[in-house]
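Engineer: Fold the following for me, if possible:
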Amino acid sequence: MSIIAIFINVLLFLLLAPLFEGVTRRITARVQSRQGPPLVQPYYDLFKLLGKERINSARNWAFKLAPPAAFASILAVVALIPFGGKVNALGGRVDAITIIYLLTLGGVSVLVGALASRNTFAAIGASREMVTMVMIEPVLAMTLILGAVRTHSLGLGTAVFGTAGLGYSVATAVMLAAYLAALQAFVAKQPFDIPEAEIEILEGPYIEYSGPDYGLFRYAMMMKQMFYAWLFVAVFLPFLRTGTYAGDILTQLLGTLAVFVLIAVVGSTNPRLRIDQAVKIYALLILVSLGAVGLAVAGI
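Structural biologist: Below you'll find the predicted structure:
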């Protein structure tokens, strides 16, 4: 069963990540008094992109390798996570640090592809992506480390479920606030969609990509957004666990949907921040998350 759970993880994320993106687009449109696209529009977009001819406009291997590397990294992440409250055969062989490495690898792939394109807008987007990655990933790391501190183990399952699974504490409440504040940055939605900034720098790191390569980047981003929404549910909402594998999958998916609704509402009602404004908020979030870990070490 633990091996089958790996394939269930991958299948659910591949199938549902575009649907959650569709929910986000639909809610955003309704908040802005528009009809909005159908919920399945992201599937149409992906099929269209993946069916097009592949063009290597930069004519170098780094530009060509970046999209599959980014997609492979998030695919590895979802294969490892304890989705449905169950640590699968792969997840039992790694620790929480592995997840952070793999997510960082996906971000580095975007950077490499953008810089390899030799486009000015892509370079600006890459610099913003690097700043975001360096300053927001520590919040994710501190979230998992908090669970590790409380359970005295870096095991993936204990780090994910240990933060609130042992009961809510002051440290848990502080980390929950930091994660919620960082959530829009994790999923690259307004007001923190600064690296892409369509109107300003024309999709930034992805400006030179088209067809299947751009489709892989978009697919990887959708799965990454679903991962961060799921992680919030798994880490901070332990009362949704039913004790059964199927029941936990259902409640975690419903919780993930609720998080996407929150993301859409926040994103559609807040303007994009400037990079200097975002950096100040990122720095504050790092300090708050470090403080939460400190409180956990002190047993508070």
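Engineer: Show me what stretch 132-144 is in contact with.
Structural biologist: 96, 99-100, 103-104, 107-108, 111, 159-160, 163, 175, 178-179, 182, 185-186, 188, 192, 194-195, 231, 235, 278-279, 282-283, 285-286, 289-290, 292-293 (C-beta atoms under 8 Å, 6 or more residues apart in numbering). For glycine as for every other residue, the C-beta is placed from the backbone atoms N, C-alpha and C.
Engineer: distance between it and the chain's centre?
Structural biologist: Per C-alpha atoms, centre = their mean, to the nearest Å, the displacement of stretch 132-144 from the mean C-alpha position of its chain is 11 Å.
Engineer: buried residues in that stretch?
Structural biologist: The neighbour-count criterion (16 or more other C-beta atoms under 10 Å) identifies 132-133, 135-144 as the buried residues of stretch 132-144.
Engineer: List the ones among those residues that fall in helices.
Structural biologist: 132-133, 135-144 (DSSP state H).
Engineer: Take stretch 67-85, keep the C-alpha atoms, and write them as PDB.
Structural biologist: Extracted C-alpha coordinates of stretch 67-85, given in PDB (Å, rounded to 0.1, in the frame of the first residue of the first chain):
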ATOM      1  CA  PRO A  67      11.600  23.300 -17.800                       C
ATOM      2  CA  PRO A  68      11.900  19.500 -17.400                       C
ATOM      3  CA  ALA A  69      14.200  20.000 -14.400                       C
ATOM      4  CA  ALA A  70      11.600  22.300 -12.700                       C
ATOM      5  CA  PHE A  71       8.800  19.900 -13.500                       C
ATOM      6  CA  ALA A  72      10.800  16.900 -12.300                       C
ATOM      7  CA  SER A  73      11.700  18.600  -9.000                       C
ATOM      8  CA  ILE A  74       8.100  19.300  -8.000                       C
ATOM      9  CA  LEU A  75       7.100  15.800  -9.200                       C
ATOM     10  CA  ALA A  76       9.700  14.300  -6.800                       C
ATOM     11  CA  VAL A  77       8.300  16.500  -4.000                       C
ATOM     12  CA  VAL A  78       4.700  15.300  -4.400                       C
ATOM     13  CA  ALA A  79       5.900  11.700  -4.700                       C
ATOM     14  CA  LEU A  80       7.600  12.000  -1.200                       C
ATOM     15  CA  ILE A  81       5.000  13.900   0.900                       C
ATOM     16  CA  PRO A  82       2.700  12.100   3.400                       C
ATOM     17  CA  PHE A  83      -0.500  12.900   1.500                       C
ATOM     18  CA  GLY A  84      -3.500  11.400   3.200                       C
ATOM     19  CA  GLY A  85      -1.700  11.400   6.500                       C
END
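Engineer: so how far is it from its chain's centroid?
Structural biologist: Counting by C-alpha atoms, centre = their mean, stretch 67-85 is centred 11 Å from the centre of its parent chain.
Engineer: Please report how far V139 lies from I145.
Structural biologist: Here the distance between V139 and I145 works out to 11 Å (C-beta to C-beta, to the nearest Å).
Engineer: before we move on, back to that, give me the buried entries from the contacts of stretch 132-144.
Structural biologist: The neighbour-count test (16+ other C-beta under 10 Å) applied to these identifies 96, 99-100, 103-104, 107-108, 111, 159-160, 163, 175, 178-179, 182, 185-186, 188, 192, 194-195, 231, 235, 278-279, 282, 285-286, 289, 292-293 as buried.
Engineer: low pLDDT regions in the protein?
Structural biologist: Within the chain, the segments meeting pLDDT under 70 span 1, 58, 195-203.
Engineer: Show me where it has its helices.
Structural biologist: 2-31, 41-50, 61-80, 96-116, 120-151, 156-165, 170-186, 198-201, 211-236, 245-268, 275-297.
Engineer: any chance of these in TSV, plus distance to L90?
Structural biologist: Compiled in TSV, the helices of the chain are given as follows (distance: least, C-beta to C-beta, whole Å):
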stretch	distance to L90
helix 2-31	6
helix 41-50	26
helix 61-80	5
helix 96-116	10
helix 120-151	17
helix 156-165	9
helix 170-186	23
helix 198-201	36
helix 211-236	15
helix 245-268	16
helix 275-297	27
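Engineer: Quick one: closest of the ones you listed to A89.
Structural biologist: For the helices of the chain, distance to A89 was read as C-beta to C-beta. The smallest value, 4.3 Å, belongs to helix 2-31.
Engineer: relative to helix 61-80, how tilted is that closest one?
Structural biologist: Using axes from the mean of the first three to the mean of the last three C-alpha atoms, to 10 degrees, one finds that helix 2-31 and helix 61-80 are set 110 degrees apart in direction.
Engineer: angle of helix 2-31 against helix 41-50?
Structural biologist: For helix 2-31 against helix 41-50, the angle between stretch directions is 110 degrees (the same axes, to 10 degrees).
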